[in-house]
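Undergrad: Build me a model:
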Amino acid sequence: MFEHWPAVTGGILSVAGVPGFLSNLIEFYDESDRDGQAWRAFVGAWWEKFADRAVGVSDLWTVINPTVGDPIDLGLEDTKSERGQKTKLGKRLADARDRVFGAFRIVSAGAASGGTQRWRLIQVGPETEAPM
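TA: Residues are numbered from 1 along each chain as shown. Presented below is the predicted three-dimensional model:
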């Protein structure tokens, strides 16, 4: 098991004159997980607007591109048309199905009457949970 490894390694490095082992861990994760940050922001805004209701990509498009406020960058811009970006968003949601972002899991809510995929969030932790 590796539970004690950070403490042991930190102690050895401290004695050797190298203080602060893993002291920047949160900043490191923030810098290295830009995509995760964007998804947590997206899912948080999604929850604020729709809570656990089943929604489609067009509904979620209003979360990514709000009429007021900054858009959320989920890496859809390489597709120039809005329709292409919505299609890409649908594929990214399918890839993110059953993943947890912050306190929420993205799940399939089945297909709407027109056959379009619906999505919803399930709260798996407190809303104030720190990002993972």
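
Undergrad: Point to the residue nearest the middle of this structure.
TA: Of all residues in the chain, the one closest to the mean position by CA atoms, centre = their mean is residue 39, 2.5 Å from it.

Undergrad: got the contact list for the residue nearest to that residue when sequence neighbours are not counted?
TA: In space, residue 39 comes closest to residue 101 once its chain neighbours are excluded; the distance is 4.8 Å by CB to CB, 6 or more residues apart in numbering. The C-beta positions use only the backbone N, C-alpha and C, and glycine is treated the same way. Applying CB atoms under 8 Å, 6 or more residues apart in numbering to residue 101 gives the contacts 36, 39, 40, 42, 43, 132.

Undergrad: Could you work out the most separated pair of these?
TA: For the contacts of residue 101, with distances taken as CB to CB, the pair at the greatest spread is 42 and 132 (14.8 Å).

Undergrad: who has more neighbours, these two?
TA: Comparing residue 42 with residue 132 by other CB atoms under 10 Å, the one with more neighbours is residue 42, at 22 against 12.

Undergrad: ok, back up a step: who does the residue nearest to residue 39 bridge with?
TA: Beta-bridge partners recorded for residue 101 (DSSP bridges): residue 104.

Undergrad: okay, it: pLDDT?
TA: At residue 101, the pLDDT value in this model is 89.

Undergrad: list the buried ones in whichever helix or strand residue 7 is part of?
TA: Element membership for residue 7, per DSSP states H and E: helix 5-15. For helix 5-15, a neighbour-count test (16 or more other CB atoms under 10 Å) marks residue 10 as buried.

Undergrad: Might you list the low-confidence residue ranges for the protein?
TA: 1, 26, 29-33, 127-132 (pLDDT under 70).

Undergrad: can you list the domains in it?
TA: 1-28, 33-123 (automatic domain parsing).

Undergrad: Pick the most buried one from these.
TA: domain 33-123 (a mean of 15; mean count of other CB atoms under 10 Å).

Undergrad: Thanks again, I'm all set now.
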